[in-house]
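Enquirer: can't give you the sequence, but here's the structure:
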């Protein structure tokens, strides 16, 4: 315990949080920063706004006037990768923690991350992310559950959880050692989504280590409706091939299963019209998907005593898989086949 107290007082940290139109979440977020058990004297907090058009900047300014360690920066380029690079370049901390305003952080979040990073001597560490409903609606509840279930997001360990500390490929809201940026560079500004995945892949490619600690828990607010969730997963899928190209990395099973399934549904429907035997295979696989989806939905609906979840959850699962696959196919076409450069378009929640 004496070591931990000494460590907390000795290590200066930088917190970076890109924001855009966050008036609903920014106040509780900043209050959670203030409530951290980490000394305010040993931290600096950069809230980097991407040209918000609501009251976000006003609220941030009010906190900056009250707390010297909270600082406002303007991100004229708007996108997260630019905000992160701006924050890293002006920051002074030995460790850099990337946060999102759409989350709840425990009071010992910073201290736990630093203690863990020092213990495992890693370049980036993080915890698990429990997705909360954005509001009290049934659809928000369905989205939160689907984003935390293996059937929805595969073996993404920080989303579905882990019993043990593990070395992994990515973590949410990472705690990075400063020297990793000096070694491998900054976040890739060609990526409007998945910039964390690309940077983490670069860490591993260069011999670095990333660890996940399941005892460190962040609660994250999911999207409030299916269209926003679909947009998010479409963007995840779209930029994933570009991440693979940049890092010359191998495509993982988690990345291609949704795309292969949707491709099977489309191509299989045409083949089934001409081959009777294939039609039977097509129906069996489709039925298997539906049975799994409906079984999960039934358990969840009974748990919450809401019949509507029985119908909504399968739709939510399929929306995740379809939107990701559509983005992935378009990304493959643009970046692998056509070898196009990225065209910037607004990426928001």
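Expert: It's in. Model, not experiment: these values are computed from the prediction.
Enquirer: buried residues in the longest helix that the chain contains, which are they?
Expert: Longest helix in the chain by number of residues (criterion: DSSP state H): helix 276-304. Across helix 276-304, burial judged by 16 or more other CB atoms under 10 Å covers 282, 289, 293-294, 296-297, 300-301. (Glycine included, C-beta is placed from N, CA and C.)
Enquirer: now, among the residues you listed, which is nearest to residue 241?
Expert: Set against residue 241, the nearest of the buried residues of helix 276-304 by CB to CB is residue 289 (24.1 Å).
Enquirer: the nearest residue to the closest one once chain neighbours are set aside: how many residues sit nearby?
Expert: In this structure, residue 289 finds its nearest non-sequential neighbour in residue 261, 7.1 Å apart by CB to CB, 6 or more residues apart in numbering. Neighbourhood size, residue 261 [other CB atoms under 10 Å]: 16.
Enquirer: could you do the one 3 residues further on as well?
Expert: For residue 264, the number of neighbouring residues by other CB under 10 Å comes to 16.
Enquirer: list the contacts of it.
Expert: In this structure, residue 264 makes contact with 282, 285, judged by CB atoms under 8 Å, 6 or more residues apart in numbering.
Enquirer: surely residue 176 is in contact with residue 93?
Expert: No. In this structure, residue 176 is not within contact of residue 93 by CB atoms under 8 Å, at 9.6 Å.
Enquirer: neighbour count: those two, which is higher?
Expert: More neighbours surround residue 176 than the other of residue 176 and residue 93, with 27 against 20 (other CB under 10 Å).
Enquirer: hang on, that one in a helix?
Expert: No. Under DSSP: H, G, I helix; E, B strand; the rest coil, residue 176 sits outside any helix and is assigned strand.
Enquirer: tell me the contacts of it?
Expert: 95-98, 123-124.
Enquirer: buried among the residues you listed? Make that a PyMOL selection.
Expert: Listed next is the PyMOL selection for buried residues among these, using 16+ other CB under 10 Å:
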select buried, resi 95+96+97+98+123+124
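Enquirer: between the contacts of residue 176, which is nearest residue 19?
Expert: residue 98 (12.2 Å).
Enquirer: backbone torsions only: list them for the closest one.
Expert: The phi and psi values for residue 98, taken as degrees, to the nearest 10, are phi -100, psi 120.
Enquirer: repeat for residue 72
Expert: Main-chain torsions, residue 72, degrees, to the nearest 10: phi -100, psi 130.
Enquirer: how close does it sit to residue 86?
Expert: 12 Å (CB to CB, to the nearest Å).
Enquirer: joint contacts of those two?
Expert: residue 48.
Enquirer: who's more crowded, the two?
Expert: residue 86 (20 against 16).
Enquirer: so that one makes contact with residue 75?
Expert: Yes. With contacts counted by CB under 8 Å, residue 86 reaches residue 75, the gap being 6.2 Å.
Enquirer: anything in contact with each of those two?
Expert: Common contacts of residue 86 and residue 75 (CB under 8 Å, 6+ apart): residue 48.
Enquirer: three-state assignment of residue 47?
Expert: Assignment for residue 47 (three-state DSSP): strand.
Enquirer: what separation do you get for it and residue 320?
Expert: Separation of residue 47 from residue 320 (CB to CB) stands at 30 Å.
Enquirer: same question for residue 284.
Expert: In terms of CB to CB, residue 284 sits 23 Å off from residue 320.
Enquirer: please apply the same query to residue 119.
Expert: Using CB to CB, residue 119 is found at 35 Å from residue 320.
Enquirer: more neighbours: those two, which one.
Expert: Taking neighbours as other CB under 10 Å, residue 119 and residue 320 compare with residue 320 leading, 26 against 12.
Enquirer: tell me what angle the helix or strand that one falls within forms with helix 276-304.
Expert: Assessed by DSSP states H and E, residue 320 sits inside helix 308-331. Here the directions of helix 308-331 and helix 276-304 differ by 130 degrees (axes from the mean of the first three to the mean of the last three CA atoms, to 10 degrees).
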